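Engineer: pasting the sequence and the predicted coordinates here, then a few questions.
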Amino acid sequence: MNYTSIKKLKSGTDVRGVASPILGRPVTLTEDAVETIARAFVTWLTQKTGKKSVKIALGNDSRLTAEILKNAFERGATQSGADVLYTGLSSTPSMFMILQDKKRALDGSVMITASHLPADRNGLKFFTPEGGLEGSDVDDILAIADSGNFARGEGKVYEDYFMDEYSAQLADRVRDACGSQRPLEGRKIIVDAGNGAGGFFTEKVLKPLGANTDGSVFLDPDGRFPNHAPNPEDKGAMAALKKAVLENHADLGIIFDTDVDRAGAVDVKGEEINRNRLIALISARLLAKRPGTIVTDSVTSDGLTKFIEERGGRHHRYMRGYRNVIDECKRLNAAGEYSPLAVETSGHCAFKDNYFLDDGAYLVTEILIILAEQLKKGERIANLISGLEEPAEAAEIRPAIDGDDFREYGAHVLEQIEKLAPLSEGASIAKPNYEGIRINFDKEHGDGWVLIRMSLHEAIMPINVESNSAGGCKKMIAALLKMLEPFERIDLSLLRKFIG
């Protein structure tokens, strides 16, 4: 297999590609590619562990191509001598947690998923007992795949459904924190699984805790995702959850992405708890226990910074990308700065006390504990974040960049914007800043900030803008548009449409 083509399947710390022609795009993540990558992963793992043969776990979400790719991976892995424990329909976080079980003595695991991406996509996420693989590890695996120098052997496939144990661990965490076997007795909690892998949470976590889950929606696995995008950031998804909560008079609504490494919520009055509000909710609980640093991605609000600081914490904005945020949180802790939480506005949330694993189901157990505590006080969950100042306006615009060298071109654009921004009236460069260019605007010229950066995976320059005044976002985007007009390879039509 040509390394240039297989290398294109790398996406950050994962492998991703088009696995089905259903949307008219050419297939890139073929069965042959997955079989080859499986052999390469096993070879890499035997080299890393020094073992002659290794044991790995394999799981998948609800995507249409899950079974054919699972079969391909098993063929490749067993040809290179690995024993494979197939866990069936699983969450991504469970594929790391199974590695913590000493009885199974596994050397690694792989999850077949493409998270919230369209139904024609699929991919592979890799773990060792130490955590998810780094991008450099994936580079090494793909290089082995290209070389064809694989370990050889004759492994076997076993079935080992771990989700029951994993679910019991989650339920026990809530019980221990609440001091009760059924702390949610008499409470109604709605789950929207988006037809992904998260439907287990109703039967295996919420009901054993006493919750009534009647009215939950889209629990059945369906890789076509016929009802809405399986994404807590999607407006349609949050609207569906809000509707289910209000119609069923629920105390709480929960939403997961496809592979359950992200989550969001809706409270009893239909108020969304996601993005900045979700970060504020979890930060409030953690900072009440012990002051520390909350690490977030770069697009979080100034109101969140104030909220965290008022509770004795420090807000450390870092680069987008859940692994970037997690790695920065680990670095701070290693340097002696207590940091209990790494979280993205997308809903990726990793706790120091849970291996720094971004686990949507673990996040929801934290929300359930908060819910139980608030109900004891006769308050709703959103009351805990009533002090969060939210912007009058906020938006994201995602203009495309033309050309294969979009990363180099985008870097050049950012260099020029950094020079041009201070020349724009009322504007100044925000410091410190770890990603892209963040520009602050005074009250007269927008009363907020705009962040322009490169996408992690696509030929896009996302622009986030937030204002404390009505009409402020248009003022700031108009100022940015003037700076971007010389760069002909950026599609500025969305910016022009935004300002009208």
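Structural biologist: Perfect, thanks for sending it.
Engineer: pull the distance from stretch 224-237 to the chain's centre.
Structural biologist: 14 Å (CA atoms, centre = their mean, to the nearest Å).
Engineer: ok, residues contacting that stretch?
Structural biologist: If you take CB atoms under 8 Å, 6 or more residues apart in numbering as the criterion, stretch 224-237 is touched by 64, 116, 119, 192-196, 217-218, 238, 240, 255-258, 262-264, 274-275, 345-347. C-beta here means a position set from N, CA and C on the backbone, and glycine is covered the same way.
Engineer: can you give me the buried ones in that stretch?
Structural biologist: By neighbour count on 16 or more other CB atoms under 10 Å, the buried set for stretch 224-237 is 225, 228-234, 237.
Engineer: check stretch 311-320 too.
Structural biologist: For stretch 311-320, the neighbour count (16+ other CB under 10 Å) marks 311, 313-320 as buried.
Engineer: nearest to Leu304 among the residues you listed?
Structural biologist: His315 (6.5 Å; CB to CB).
Engineer: that closest one belongs to a helix, doesn't it?
Structural biologist: No: with DSSP: H, G, I helix; E, B strand; the rest coil as the criterion, His315 is strand rather than part of a helix.
Engineer: could you measure from it over to Pro432?
Structural biologist: According to CB to CB, to the nearest Å, His315 and Pro432 sit 12 Å apart.
Engineer: now do Ala284
Structural biologist: On the measure of CB to CB, Ala284 and Pro432 end up 25 Å apart.
Engineer: with neighbour numbers in mind, choose between the two.
Structural biologist: Set Ala284 next to Pro432 and count neighbours by other CB atoms under 10 Å: Ala284 wins out with 19 against 8.
Engineer: the residue nearest the centre of the chain - nearest residue in space that isn't next to it in sequence?
Structural biologist: With distances taken as CA atoms, centre = their mean, His348 lies nearest the centre of the chain, 3.8 Å away. The shortest distance from His348 to any non-neighbouring residue, by CB to CB, 6 or more residues apart in numbering, is to Tyr322 (3.7 Å).
Engineer: surely the one you found meets Gly347?
Structural biologist: No: if you go by CB atoms under 8 Å, Tyr322 and Gly347 don't touch, sitting 9.3 Å apart.
Engineer: just want to know which of these two has more residues nearby.
Structural biologist: Gly347 (26 against 23).
Engineer: tell me what the longest helix belonging to the chain is packed against?
Structural biologist: When the chain is scanned for its longest helix (criterion: DSSP state H), the result is helix 31-49. Judged by 3 or more CB pairs under 8 Å, 6 or more residues apart in numbering; DSSP states H and E, the packing partners of helix 31-49 are helix 3-7, strand 55-60, helix 66-79, strand 108-112, strand 121-128, helix 135-147.
Engineer: of these, which is nearest Asp32?
Structural biologist: The nearest among the helices and strands packed on helix 31-49, by CB to CB, is helix 66-79 at 7.5 Å.
Engineer: check which helices and strands the closest one is in contact with.
Structural biologist: Taking 3+ CB pairs under 8 Å, 6+ apart as the contact cut, helix 66-79 packs with helix 31-49, strand 55-60, strand 83-89, strand 108-112, strand 121-128.
Engineer: show me the one of these that comes nearest Val15.
Structural biologist: Smallest distance to Val15 across the helices and strands packed on helix 66-79 (CB to CB): 4.3 Å, for strand 121-128.
Engineer: sheet partners, orientation included, of that closest one?
Structural biologist: strand 14-18 (antiparallel), strand 108-112 (antiparallel), strand 131-132 (antiparallel) (DSSP bridges).
Engineer: distance from that strand to the middle of the chain?
Structural biologist: 13 Å.
Engineer: give the buried residues for that strand.
Structural biologist: Going by 16+ other CB under 10 Å, strand 121-128 has these buried residues: 121-128.
Engineer: show me where the stretch 401-500 of the chain has its helices.
Structural biologist: Along the stretch 401-500 of the chain, counting by DSSP state H, counting those that start in this stretch, helices occupy 406-420, 472-484, 493-499.
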